[in-house]
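Here is a sequence together with a model predicted from it:
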Amino acid sequence: MNIEVRELADLGPDARRAFFERDAGVGDVRSDVRDIVERVRREGDVALRDYSREFDDVEVGNIDVSDAAERAYDEIDDDVREAIETAAANIREFHERQVPEDWREDFGASGTRELGRRYRPLDRVGVYAPGGTAAYPSSVLMGVIPAKVAGVEHVAVATPPADTMNPVTLAAMHVAGADAVYSVGGAQGIAALAYGTETVKAVQKVVGPGNKWVTAAKAEVRGDVDIDFLAGPSEVLVVADETAEARFVAADLVAQAEHDPNASVVAVTDDADLATEIVEEVERQAAERERTETIEAALENDASGVLVARSMSEAVLFAEEYAAEHLSIQADDDEALLDRIDSAGSVFLGPYTPVAAGDYASGTNHVLPTGAGAKQQGGLSVDHFVRSTTVQRLDQEALSGLSETVTTLAEAEGLDAHAQSVRERFEE
Ligand SMILES: NC(=O)c1ccc[n+]([C@@H]2O[C@H](COP(=O)([O-])OP(=O)(O)OC[C@H]3O[C@@H](n4cnc5c(N)ncnc54)[C@H](O)[C@@H]3O)[C@@H](O)[C@H]2O)c1
Ligand SMILES: N[C@H](CO)Cc1c[nH]c[nH+]1
């Protein structure tokens, strides 16, 4: 692996596009994924079994494995069970703070003009929990717990099949409170949740992270079913100044790189010596990890690199444009730098806040927008599982006060029935 330190100012238009318009290979698989989704719609369970054979090399027996979750919980090691419970408690605590409250207020100056908002949970949602090259019990917690905190009655989870399903992933489903578990992964798993099959019940909304096939499938079904956002192959951007510890920066880059060859990991600093040290550390640490091949592939992506900015202001401008899934700031005045960045999925401040803490257990959600989606939205939250309705009540006096405004605007729009619906109430 040969990572070069690059000057930010020297990046040409193609290199800049590779960073800012990254899509982690999702575009390349859109047409294959369209075919998979269509076939699942047409053929249901038969297609799910065929795709599991083809892509996961598994002969699926039961697609519905809901019964296995509680058993797995009893069977896993005590220390793992305890870690799941601790992480789940922290995630639940953080998400309980997000539950919106119904409100009503009288805005009327004369008469009653009572306006408000109420929130109700969705009825049925589907959570995708990845599980191709690694197991993701943490993603089960991150998807199911906010849905349950929001009050969703039926939360189904789809996760790739295996000859023996990962017991820790199953146990996490039990802890999080999943109502149904289906052993189907990839694009076919997303299609099954979106449209239903003989075994899988269709849901109103599909959420959760995954690789490029999963992400392309979410883009494909969006419109027919609601989704959270595109949460594809992982990304991290570390903004560092001369006070940063190269070892820590490198460890955070290597950690996200181990998810997927399509992951993007970037460090940007105004200190050229630090940049060189980061590269040396990344090379050393990557060689020591178990998933070296994946890490090296991710580091060699066009959207990965170690960059030197002319100033921290330039580094901050890069971070804003990059809109990372995870933004780590390891710098002296991290809060001042953060103040100048609006676009990031989740932010990690200081040397002792590794991204991995949020990945598992600090309590924030790790399902986050990738591909610069953070320019438009934040990570998965209780908000994704509720619908809001506005409610209003006027009395006669308040309506009389508004009548001129409404009828004038209605007539300006050429909608006289609207105007009359107000006047009618004041005619004998
Ligand atoms: N953005 C986020 O919030 C976030 C959070 C956690 C994980 N992730 C990402 O989730 C992903 C997990 O990836 P994974 O692969 O381990 O698990 P996965 O469950 O996302 O994907 C596995 C599935 O991919 C499908 N697949 C594999 N090869 C295929 C092919 N050639 N054609 C069609 N389908 C194919 C299979 O059906 C398999 O079941 C990583 O990219 C990781 O970075 C993202
Ligand atoms: N880093 C991932 C989000 O991109 C979440 C995760 C799960 N397990 C470990 N990490």
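Everything's here; your move. Residues are numbered from 1 along each chain as shown. Ligands and ions are numbered 1, 2, ... in the order given.

Whichever residue of the stretch 51-200 of the chain sits closest to ligand 2: neighbouring residues, count only.
Proximity of the stretch 51-200 of the chain to ligand 2 (Cβ to the nearest ligand atom) peaks at Ser138, 4.5 Å away. Bear in mind the C-beta positions are built from the backbone N, C-alpha and C, glycine included. For Ser138, the tally of surrounding residues (other Cβ atoms under 10 Å) stands at 23.

swap in Leu349?
Leu349: 15 neighbours (other Cβ under 10 Å).

Okay, and the beta partners of it?
Ile329 (DSSP bridges).

which ones are touching it?
328-329, 334-335, 338 (Cβ atoms under 8 Å, 6 or more residues apart in numbering).

can you pick the most crowded of those residues?
Counting by other Cβ under 10 Å, top hit in the contacts of Leu349: Ser328 with 30 neighbours.

Specify the beta-bridge partners of Ser388.
Tyr119.

Okay, now stretch 146-158: how far is its last residue from its first?
One end of stretch 146-158 to the other measures 16 Å (Cα to Cα, to the nearest Å).

follow-up on the earlier one: can you tell me which of the contacts of Leu349 lies closest to ligand 1?
Closest to ligand 1, out of all of the contacts of Leu349 and judged by Cβ to the nearest ligand atom, is Ser328, at 15.3 Å.

The closest one and ligand 2: what is the separation?
12 Å (Cβ to the nearest ligand atom, to the nearest Å).

Can you give me every residue that contacts that residue?
Counting by Cβ under 8 Å, 6+ apart, Ser328 has contacts 236-239, 249, 252, 347-349, 353-355.

Touching, Thr159 and Val181? I think so.
Yes - between Thr159 and Val181 there is a contact under Cβ atoms under 8 Å: 7.3 Å.

who's more crowded, the two?
With neighbours defined as other Cβ under 10 Å, Thr159 and Val181 compare such that Thr159 has more, 31 against 26.

Provide the partner residues of the more buried one in its beta bridges.
Residues in beta-bridge contact with Thr159 (DSSP bridges): Ser183.

and it, what pLDDT?
pLDDT for Thr159: 98.

For the remainder of this discussion, apply numbering that starts at 395.
Sounds good: first residue 395 from here, last item Thr553.

That one and Asp417: what is the separation?
24 Å (Cβ to Cβ, to the nearest Å).

for Arg486, phi and psi?
phi -60, psi -40 (degrees, to the nearest 10).

Please name the nearest non-neighbouring residue to it.
If the residues on either side of it in the chain are set aside, Arg486 comes closest to Ile539, at 5.4 Å by Cβ to Cβ, 6 or more residues apart in numbering.

What of Ala596?
Computed as Cβ to Cβ, 6+ apart, the closest residue to Ala596 that is not its neighbour in sequence is Gly590, at 3.2 Å.

My guess is that neighbour contacts Val615. True?
No - between Gly590 and Val615 there is no contact under Cβ under 8 Å: 11.7 Å.
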